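> give me the fold of what follows.
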Amino acid sequence: MSDSIKDKAQEIAHEAAEKAKEVGHKISEKAGEVGHNLKEKATEFGHAASEKAHEAGHAASEKAHEVGHTVGEKAEEAKEWLKDKTHKAGEKVEEAGEAVQRKV
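Sure, this is the predicted structure:
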């Protein structure tokens with residue numbers, strides 16, 4: 001090969017290497033941008049999921065409080081009912097005892 005063809009081939013090879021280097025840098029920059037965007041989206045998603053979990057926990061806590069309050073009310077009602085029935089049963093036992101004493 002003549003020197004001029006060798007020189008031209010080296011020049012073309014050098015230009016190709018420079019272009020490849022530029023493309024590599026651009027690909028690297030784009031990859032960095034994509035990675036950054038993915039990180040931001042993942043962070044947003046994480047925050048949204050955390051907020052939803054917090055809201056669900058708060059709603060569950062409120063419902064548990066309501067259920068606890070209702071159970072407490074029902075327990076109080078049951079206590080009053082039992083007290084009333086016990087009192088009535090005691091009165092009947094007392095009446096029966098008085099009736100037995102009258103017959104004796």
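> export only the CA atoms of stretch 89-104, formatted as CSV.
Below are the C-alpha coordinates for stretch 89-104, written out as CSV (Å, rounded to 0.1, in the frame of the first residue of the first chain):
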residue,chain,number,x,y,z
ALA,A,89,-84.5,-14.2,90.5
GLY,A,90,-83.6,-13.2,94.0
GLU,A,91,-87.0,-11.6,94.5
LYS,A,92,-88.7,-14.8,93.3
VAL,A,93,-86.6,-16.9,95.7
GLU,A,94,-87.5,-14.6,98.5
GLU,A,95,-91.2,-14.8,97.6
ALA,A,96,-91.0,-18.5,97.4
GLY,A,97,-89.4,-18.6,100.8
GLU,A,98,-92.1,-16.4,102.2
ALA,A,99,-94.8,-18.6,100.7
VAL,A,100,-93.2,-21.7,102.3
GLN,A,101,-93.1,-20.0,105.7
ARG,A,102,-96.8,-19.0,105.4
LYS,A,103,-97.7,-22.6,104.7
VAL,A,104,-95.7,-23.9,107.6
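> check the offset of it from the chain's centre.
64 Å (C-alpha atoms, centre = their mean, to the nearest Å).
> please identify the buried residues of it?
By neighbour count on 16 or more other C-beta atoms under 10 Å, the buried set for stretch 89-104 is empty. For every residue, glycine as well, the C-beta is placed using N, CA and C.
> contacts for that stretch, please.
For stretch 89-104, there are no surrounding residues in contact (C-beta atoms under 8 Å, 6 or more residues apart in numbering).
> state the mean pLDDT of it.
Regarding stretch 89-104, the rounded mean pLDDT is 85.
> what's the burial count for residue 45?
The local packing of residue 45 (other C-beta atoms under 10 Å) involves 10 other residues.
> can you report phi and psi for it?
phi -60, psi -40 (degrees, to the nearest 10).
> so which residue is smack in the middle of the chain?
residue 53 (2.6 Å; C-alpha atoms, centre = their mean).
> can you tell me the element that one falls in?
helix 3-103 (DSSP states H and E).
> pull the distance from that helix to the chain's centre.
1 Å.
> and the residue nearest to the centre of the chain, how far is that from residue 6?
69 Å (C-beta to C-beta, to the nearest Å).
> do the same with residue 33
41 Å.
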